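Student: need coordinates for the following:
(2 chains)
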Amino acid sequence: MKRWLPFAVFAVLLAFLFVGLWLDPREVPSPFIGKPAPAFTLPVLERPGQTFSPAQANGEPWLLNVWAPWCRTCRKEHPYLMQLAASGVAIYGLNWQDQAGEAAGLLAEIGNPYVLNAVDHDGRAGIDWGVTGVPETFLIDADGMIRAKHSGPLSERVWNRKFAPLLQGKGS
Amino acid sequence: MRRLAGCLFALTLLGAGATAMEARPNADDPDLERRLLALTADLRCVVCQNESLAESRAPLAKDLRQEVRALMRQGRSDKEVVEYLTARYGDFVLYRPPFKPATYLLWIGPALFLGVGGIAWFLTIRRRQRKTAADRILDGDSGTDPPLY
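Tutor: The predicted structure is shown next:
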């Protein structure tokens, strides 16, 4: 019986390490879940001269998708965002650190899934939202509370697992 | 030989010049920079997670250092700066996470493992000693002790 003990300890260790293999180190708990969306007022990409603040989007659940034209993963995510937008989900873009100003041209070329884009030129709004990289997507409910956050590209799998259940709960 | 040494010396000077250029913003307020360095060495860069905020060259780390610098110039304390960052990025930015239920195992774990290991070690040693003593009696060896290893 005692002879099995080292093996049991080894097996437990192995199990922990094995699970660790599939964990995503970018999957960091966000301190924003359940808190009101941080405010900002930024110029709107699509309508020069206008500004956008998160409070304007409240009234229905919406997504804030943080992206940048130089971000390759965002391009990979783009077709799914188009699909989501077509199904009636309100996606607002935060055009993050687009120093070259390529966003408008790129969206004209590949299609624009966003209701509008707020231009966060120097990334200050990104810091207030705790953005660590692009793409990142927040789900904000009708009352302006952040309900979920996903780091990395959105996909149908992520949507069904993380976002869709929350929307059903609210009877979107 | 001497010429080579001279060349090398000139090169070192060039190198020194280059680093001095990069470090120029630090010269404005050496006290603040020292404070910034001390604080950010204990904070994690949220992009490249195994680097500290002080040493990371990621653009976001640069922005965050700039942000911390600005907060310090406004006269915020180290604690307030850390609160500013944890409000946005969570305890994850702290290399020394606070002691709370979610981190109990993290903080106590090593001592716990040491304790369990120590008890196991103690029990094993005692059992072996008892066994050798019993063997000796069985062998009828009541005289000189064999060397203990």
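
Student: tell me which parts of chain B are close to chain A?
Tutor: Remark: the part of chain B in contact with chain A comprises B:46-47, B:49, B:59-60, B:63-64, B:67, B:86-90, B:92, using Cβ under 8 Å from any Cβ of the partner chain. All C-beta atoms are positioned from the backbone trio N, CA, C, and that covers glycine.

Student: quick one: buried ones out of the residues you listed?
Tutor: Among these, those scoring as buried are B:46-47, B:60, B:63-64, B:67, B:86, B:88-90, B:92 (criterion: 16 or more other Cβ atoms under 10 Å in any protein chain shown).

Student: residue closest to the middle of the chain?
Tutor: You didn't say which chain, so I picked chain A. The centre of chain A sits closest to A:Thr137, judged by Cα atoms, centre = their mean, with a distance of 0.9 Å.

Student: that was the other one, I meant chain B.
Tutor: Mean-position check on chain B, Cα atoms, centre = their mean. Result B:Tyr95 at 7.4 Å.

Student: just the CA coordinates of the lowest-mean-pLDDT helix or strand in chain A, formatted as PDB?
Tutor: Every helix and strand of chain A was ranked by mean pLDDT, DSSP states H and E. The lowest is helix A:164-170, at a mean of 78. Output of helix A:164-170 as PDB, limited to C-alpha atoms (Å, rounded to 0.1, in the frame of the first residue of the first chain):
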ATOM      1  CA  ALA A 164     -24.600  34.000 -25.600                       C
ATOM      2  CA  PRO A 165     -25.700  32.500 -22.200                       C
ATOM      3  CA  LEU A 166     -25.500  36.000 -20.600                       C
ATOM      4  CA  LEU A 167     -27.600  37.500 -23.300                       C
ATOM      5  CA  GLN A 168     -30.300  34.800 -22.900                       C
ATOM      6  CA  GLY A 169     -30.400  35.500 -19.200                       C
ATOM      7  CA  LYS A 170     -31.300  39.100 -19.900                       C
END
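
Student: how deep is A:Trp129 tucked in, by neighbour count?
Tutor: 24 (other Cβ atoms under 10 Å in any protein chain shown).

Student: can you check which helix is longest in the chain?
Tutor: In the absence of a named chain, this looks at chain A. helix A:4-21 (DSSP state H).

Student: that was the other one, I meant chain B.
Tutor: helix B:104-138.

Student: so what's A:Val44 up against?
Tutor: The neighbourhood of A:Val44, defined by Cβ atoms under 8 Å, 6 or more residues apart in numbering or on different chains, consists of A:50-52, A:116-119.

Student: how about B:Ala54?
Tutor: B:36-37, B:40-41, B:43, B:65.

Student: so how far is A:Leu21 from it?
Tutor: B:Ala54 sits 30 Å away from A:Leu21, going by Cβ to Cβ, to the nearest Å.

Student: possible to save the contacts of A:Val44 as CSV with secondary structure?
Tutor: Listed next are these as CSV, based on DSSP: H, G, I helix; E, B strand; the rest coil:
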residue, secondary structure
A:Gln50, coil
A:Thr51, strand
A:Phe52, strand
A:Leu116, strand
A:Asn117, strand
A:Ala118, strand
A:Val119, strand
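
Student: most neighbours among these, which one?
Tutor: A:Asn117 (26 neighbours).

Student: with the contacts of A:Val44 in mind, which one is nearest to B:Asp29?
Tutor: A:Val119 (32.0 Å; Cβ to Cβ).

Student: and the angle for the longest helix of chain A with helix B:104-138?
Tutor: Taking axes from the mean of the first three to the mean of the last three Cα atoms, to 10 degrees, one finds helix A:4-21 and helix B:104-138 inclined to each other by 160 degrees.
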